[in-house]
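1. this is the structure alone, sequence omitted:
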């Protein structure tokens with residue numbers, strides 16, 4: 001076993017501790033190995049020198065979150081960091097931010113959870129806020145600022161919301177689909193919306209497509225990227241959130257026709273060396289707001305023509321694709337793969353309402369000789 005450096009000792013839990021003195025004041029730092037001990041000591045010495053060091057006993061939840069977030073920036077995507085900040089600054093900090101970590105009690109967190117549940121935000125959002133607080137406190141335990149998380153054992157609120165298939169997921173009827181797409185043909189984003197409807201892709205996935213993603217030899221669209229948002233709200237091209245999001249979507253004649261039309265349209269929008277399939281009117285990355293605004297404009301025009309359709313957003317195009325797919329005999333297992341769902345249960349939960357009709361059709365076609 002390697003000899004420990006001067007001032008370093010091994011603790012009962014296997015971690016290393018080093019104590020040192022600066023201007024007559026003792027400090028302790030911890031690490032898994034000699035390299036981590038050295039890095040942590042340098043960081044503490046630098047903070048002491050610049051007057052930024054705060055003793056653990058005086059560290060508030062706000063202070064620790066600021067440090068915690070800085071570390072996370074090297075690990076997670078900018079959009080995730082933005083979400084952490086939004087939940088913490090908007091909900092956790094106003095109620096618990098000034099509380100010293102070592103003084104934070106379980107009853108305070110329970111009271112905070114109860115207050116959240118009585119507000120106008122959804123139960124799911126309440127649980128997401130508490131989940132972030134738990135992660136932060138668990139990391140404070142790992143950093144040996146507190147010995148135990150006061151949020152341990154606090155259960156998530158029970159979600160009583162209706163299943164996804166009974167709430168915001170809405171597919172257009174065949175007549176609504178025809179009327180809408182006929183009106184949408186007047187818009188710059190017609191091909192973009194058409195691709196969403198023909199493939200079930202998400203807005204970010206379609207916006208990130210390049211011509212090299214179109215594989216005519218294998219007759220598929222390779223979905224490997226999506227539009228993400230940086231911490232400052234700017235857009236960038238990144239990888240999907242899950243491995244299931246990386247997938248191949250088969251091409252058909254309709255989809256190929258949409259791509260041919262889009263290639264002609266973009267000739268005057270993008271320079272020759274830009275490989276993107278879709279761009280905004282001004283040549284930038286297509287934003288979801290632009291697509292939803294185009295949809296709203298088309299719906300307004302239809303209403304003026306006496307053909308009103310209940311308002312919907314671009315996500316309804318994904319639902320419409322899935323519904324048509326199942327109605328026309330497609331299997332849920334294959335649909336799961338096309339949509340990039342991580343589980344069949346997710347697909348079945350969203351589109352189970354379509355299955356009764358298809359089951360009856362399939363049963364009518366079944367021939368069993370007795």
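-> Arrived safely, thanks for sending. Just so we're clear, the structure is a prediction, and the values are computed from it rather than from any experiment.
2. residue ranges with poor pLDDT in the stretch 201-350 of the chain?
-> 231, 267-272 (pLDDT under 70).
3. could you pull out the helices for it?
-> 203-207, 253-266, 288-304, 315-327, 332-339, 344-351 (DSSP state H, counting those that start in this stretch).
4. contacts for stretch 183-195 next, please.
-> 181, 201, 206-207, 255, 258-259, 261-262, 265, 278, 281, 286, 290-291, 294-295, 297-298, 301-302, 314, 317 (CB atoms under 8 Å, 6 or more residues apart in numbering). Placement of C-beta: from N, CA and C, glycine included.
5. residue 148 touches residue 141, doesn't it?
-> Yes: the pair residue 148 / residue 141 is scored as a contact, 6.5 Å apart, by CB atoms under 8 Å.
6. and the two? which has more neighbours close in?
-> residue 141 (14 against 11; other CB atoms under 10 Å).
7. shouldn't residue 21 be within a strand?
-> Yes: assessed by DSSP: H, G, I helix; E, B strand; the rest coil, residue 21 belongs to a strand.
8. looking at the helices of the stretch 201-350 of the chain, which is nearest to residue 216?
-> helix 253-266 (8.3 Å; CB to CB).
9. name the helices or strands packed onto the closest one?
-> Contacting helix 253-266 under the criterion 3 or more CB pairs under 8 Å, 6 or more residues apart in numbering; DSSP states H and E are the following elements: helix 190-199.
10. contact partners for residue 219?
-> Residue 219 touches 250-251, counting by CB under 8 Å, 6+ apart.
11. repeat for residue 225
-> Counting by CB under 8 Å, 6+ apart, residue 225 touches 205, 208-209, 213, 237-240.
12. 6 Å - rerun?
-> 208, 237 (CB atoms under 6 Å, 6 or more residues apart in numbering).
13. about what we covered before: from the contacts of stretch 183-195, keep the buried residues only.
-> 181, 201, 206-207, 255, 258-259, 262, 278, 286, 290-291, 294-295, 298, 302, 314, 317 (16 or more other CB atoms under 10 Å).
14. one step back: now, of the helices of the stretch 201-350 of the chain, which is deepest in the fold?
-> helix 203-207 (a mean of 24; mean count of other CB atoms under 10 Å).
15. which residues does that one contact?
-> With CB under 6 Å, 6+ apart, helix 203-207 has contacts from 195-196, 223, 226-227, 278, 285-286, 288, 291, 314.
16. name the nearest of these relative to residue 324.
-> Of the contacts of helix 203-207, the one sitting nearest to residue 324 (CB to CB) turns out to be residue 196, at 12.7 Å.
17. is it correct that the closest one is in contact with residue 317?
-> Yes: using CB atoms under 6 Å, residue 196 is in contact with residue 317, at 4.3 Å.
18. can you tell me, leaving aside adjacent residues, what's nearest to residue 233?
-> The shortest distance from residue 233 to any non-neighbouring residue, by CB to CB, 6 or more residues apart in numbering, is to residue 82 (7.2 Å).
19. element containing the one you found, please.
-> helix 78-87 (DSSP states H and E).
20. same for that helix, what does it pack against?
-> Helices and strands touching helix 78-87, by 3 or more CB pairs under 6 Å, 6 or more residues apart in numbering; DSSP states H and E: there are none.
21. what's downstream of that helix, the next helix or strand?
-> Heading C-terminal from helix 78-87 (DSSP H and E), you reach helix 93-96.
22. show residues contacting that next one.
-> Residues contacting helix 93-96 (CB under 6 Å, 6+ apart): 61-62, 112.
23. the same query, at a cut-off of 10 Å, please.
-> Defining contact as CB atoms under 10 Å, 6 or more residues apart in numbering, one finds that helix 93-96 is touched by 60-62, 65, 85, 87-88, 104, 108-109, 111-112, 115-116, 133.
24. out of these, which comes closest to residue 247?
-> Among the contacts of helix 93-96, and counting by CB to CB, the member closest to residue 247 is residue 87, at 29.8 Å.
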